[in-house]
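Trainee: Mind looking at a prediction? Sequence and model below.
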Amino acid sequence: LIDGARDSLKLQLLSYGTYEPLERALQEAAARGVRVSLLVSDWSLSRSRQNTLKRLQQTEGITVRFTSIPEHSGGFISYARVEHPKYLLADADRAWVGTSNWSPDYFEASRNAGFVLRSSRLAALLHEKFALSWDGPYATTIDPDVEYPNRRRDDGSGK
């Protein structure tokens, strides 16, 4: 889907980690004029992943944003208040929906499922969902000069 995109690629993922084959494919798509929009949750803001996202943001034709959902008024809830989708939209008529975050361990060391849709009608629904998050109040464009805090807290400790 990435290699065949003609106009746009939109990805929304819980997390994106450095994975050379995917990074190269996204950069090659941008180089041939495909507009690439990558949206991840703030769980992708560990230092190493943040550096990857910043590098992609500095690539002409690629825009990277992250969403950060405010904590519940009652305090931190483990594994909650985070966008958790995993899908890719290629142009207006194709999509991949799966269970994998995009990092090496998901592609090389675990079992996941995904499927490809070739349907303008179904892809349109995912485009609408993407726009809600991309243009929503909780989305921020990655600034390569800013060091963002990693908000992922599995155990409530803040680490």
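Mentor: Arrived safely, thanks for sending.
Trainee: where exactly do the helices run in the chain?
Mentor: 20-31, 47-57, 104-108, 120-134 (DSSP state H).
Trainee: Show me what the third one is packed against.
Mentor: Counting contacts by 3 or more Cβ pairs under 8 Å, 6 or more residues apart in numbering; DSSP states H and E, helix 104-108 packs against no other helix or strand. Just so you know, the C-beta spots here come from the backbone N, C-alpha and C atoms, and that holds for glycine as well.
Trainee: Could you do the second one as well?
Mentor: If contacts are counted by 3+ Cβ pairs under 8 Å, 6+ apart, helix 47-57 sits against helix 20-31, strand 35-41, strand 62-67.
Trainee: Pull the residues that contact the longest one.
Mentor: Residues external to helix 20-31 that are found in contact with it (Cβ atoms under 8 Å, 6 or more residues apart in numbering): 2-3, 5, 9, 36, 38, 52, 55-56, 59-62, 102.
Trainee: Go again with 6 Å.
Mentor: 2, 5, 9, 36, 59, 61-62, 102 (Cβ atoms under 6 Å, 6 or more residues apart in numbering).
Trainee: which one of the residues you listed sits closest to Ser78?
Mentor: Trp102 (22.6 Å; Cβ to Cβ).
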